[in-house]
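# One predicted model, sequence on top.
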Amino acid sequence: MSLREWSLGGVLLSPFLIYALLALLVTGVLRLGLERVGMARWIWHEALFDCALYVCVLAALVALTGHW
């Protein structure tokens, strides 16, 4: 997927929006996996961890699928 805008009804949309939504989905799945395994009890600050996990997942998605 290239990083070019899409025109949807005359509005330019960034493909970063899809990356952000996909990262949100992957973060949710990872978080649920941590809950099921029992690793979530070791998280000190849940909101900070969730934000950091989201940023890491988003950076990984962009790095793996983005074309420079």
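Noted; the coordinates are in hand.

# Glu62 reaches Tyr19, doesn't it?
You called it Glu, but residue 62 is Val. Yes: counting by Cβ atoms under 8 Å, Val62 does reach Tyr19; the two are 5.6 Å apart. Quick note: C-beta positions are derived from backbone N, CA and C, even for glycine.

# Show me which of those two is the more surrounded one.
Tyr19 (19 against 16; other Cβ atoms under 10 Å).

# Could you pick out the longest helix of this protein?
helix 16-37 (DSSP state H).

# what comes up buried for it?
For helix 16-37, burial by neighbour count (16 or more other Cβ atoms under 10 Å) applies to 19, 23, 26-27, 31, 34.

# Which elements pack onto it?
With contacts taken as 3 or more Cβ pairs under 8 Å, 6 or more residues apart in numbering; DSSP states H and E, helix 16-37 sits against helix 46-65.

# Compute the inter-axis angle for the helix it packs on and helix 16-37.
For helix 46-65 against helix 16-37, the angle by axes from the mean of the first three to the mean of the last three Cα atoms, to 10 degrees is 130 degrees.

# CA atoms of helix 46-65 as CSV?
What follows is helix 46-65, C-alpha atoms only, in CSV (Å, rounded to 0.1, in the frame of the first residue of the first chain):
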residue,chain,number,x,y,z
GLU,A,46,-2.9,0.6,31.9
ALA,A,47,-3.6,3.7,30.0
LEU,A,48,0.1,4.5,29.4
PHE,A,49,0.7,0.9,28.4
ASP,A,50,-2.2,0.9,25.9
CYS,A,51,-1.0,4.2,24.4
ALA,A,52,2.6,2.9,24.1
LEU,A,53,1.4,-0.4,22.6
TYR,A,54,-0.7,1.4,20.0
VAL,A,55,2.2,3.6,19.0
CYS,A,56,4.5,0.6,18.7
VAL,A,57,2.0,-1.3,16.6
LEU,A,58,1.3,1.7,14.4
ALA,A,59,5.0,2.3,13.8
ALA,A,60,5.5,-1.4,13.0
LEU,A,61,2.6,-1.4,10.5
VAL,A,62,3.9,1.7,8.7
ALA,A,63,7.4,0.4,8.6
LEU,A,64,6.4,-3.0,7.3
THR,A,65,3.8,-2.0,4.7
